[in-house]
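Visitor: Build the 3D model from these lines:
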Amino acid sequence: MASGEQLVVALVQHACGTDPDRNLQRSEQGIREAAAGGARLVLLQELHRTRYFCQHEDPAVFDLAEPIPGPTTWWLGQLAEELGVVIVGSLFERRAPGLHHNTAVVLDTDGRLAGRYRKMHIPDDPGYYEKFYFTPGDSGFEPVDTSVGRLGVLVCWDQWFPEAARLMSLAGAQLLLYPSAIGWAGEDDHAERERQRDAWTVIQRAHAVANALPVAVCNRHGYEPDPTDPSAGATFWGSSFACGPQGEMLAQASSDSDQVLLARLDLRHSETVRRMWPFLRDRRVDHYRDLLRLYRD
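Guide: The predicted model follows:
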């Protein structure tokens, strides 16, 4: 990307139902709307082909996984080439029998698979039993080079870890992208729900500030029941957003509706901010060895 060029990014936020084909149609509708609106980069939400199936553990769910390259990357590649946009999707990857990943894929404007990122941090919490389904990624924190720039792609739970954002930044990422699936449990009261969503927004804006990089986050919305417990389920809070390298909010979606959110990013601003706040220059890497320890007892 030329240094003086701005980038319009689109976040395609939508609810997901039980029919994978219908979910892909919703994603396609959003991608086409984004391209018509001038977007050159389109970010989809985490596991956009299906409902968030990790609310329970069921071996039959592995049938939803697919290889990469495979049917969905081929489909996304066709759309990317037809519309002249870069698309970041999110898939349940079948790497080998018994070996699966939560994987983000990047399709460039010529339709090719430019790269992938396998989610590194895997949660295992009530309603988020991802360790049953996903093996942690093994390819590190490597940005993906595309026709619109070098993309630091991470996935959902990764968004809480400053180390992941920093390592993408140190590898030359020009922006950070987070496909997400996060929401509230039924027992959370209003105050607790607001605290959770505020924390989610603040931590990612902090990654923008600490690394002087724009950040874009795409989250699903809507209630999805737990198939094993009719009284349980998750309400995903949407609220997809994009912010600049000082954490300034550029655009934010609603919490409860399908939306194609457009934001204009000026990647030149990162250079200006880093000259004022040279965090990378002043890092004391010679004194950070204890970061390699799990905890200092």
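Visitor: The stretch 51-200 of the chain: strands as residue ranges?
Guide: All strands of the stretch 51-200 of the chain, identified by DSSP state E, counting those that start in this stretch, fall at 86-96, 99-107, 113-118, 124-125, 128-129, 144-146, 149-153, 175-180, 183-185.
Visitor: can you put those strands in a markdown table and add mean pLDDT, mean neighbour count and distance to Tyr52?
Guide: C-beta: built from backbone N, CA, C; applies to glycine. Shown next, in a markdown table, are these (pLDDT from 0 to 100; neighbours: other Cβ atoms under 10 Å; distance: least, Cβ to Cβ, whole Å):
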| stretch | mean pLDDT | mean neighbour count | distance to Tyr52 |
| --- | --- | --- | --- |
| strand 86-96 | 98 | 23 | 11 |
| strand 99-107 | 98 | 24 | 11 |
| strand 113-118 | 98 | 21 | 18 |
| strand 124-125 | 94 | 12 | 13 |
| strand 128-129 | 96 | 18 | 8 |
| strand 144-146 | 98 | 20 | 24 |
| strand 149-153 | 97 | 24 | 19 |
| strand 175-180 | 98 | 28 | 10 |
| strand 183-185 | 92 | 21 | 8 |
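Visitor: Name the SS class of Leu43, please.
Guide: The three-state label given to Leu43 by DSSP: H, G, I helix; E, B strand; the rest coil is strand.
Visitor: give the contact list for it.
Guide: Neighbouring residues of Leu43 by Cβ atoms under 8 Å, 6 or more residues apart in numbering: Val9, Ala10, Leu11, Val12, Val88, Leu177, Pro179, Ala216, Cys218.
Visitor: And it, how far from Leu76?
Guide: Distance of Leu43 to Leu76, computed by Cβ to Cβ, to the nearest Å: 12 Å.
Visitor: Distance to Pro123 for the contacts of Leu43 - can I get that in a markdown table?
Guide: Listed next are the contacts of Leu43 as a markdown table, based on distance: Cβ to Cβ, whole Å:
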| residue | distance to Pro123 |
| --- | --- |
| Val9 | 26 |
| Ala10 | 27 |
| Leu11 | 22 |
| Val12 | 23 |
| Val88 | 21 |
| Leu177 | 19 |
| Pro179 | 15 |
| Ala216 | 21 |
| Cys218 | 18 |
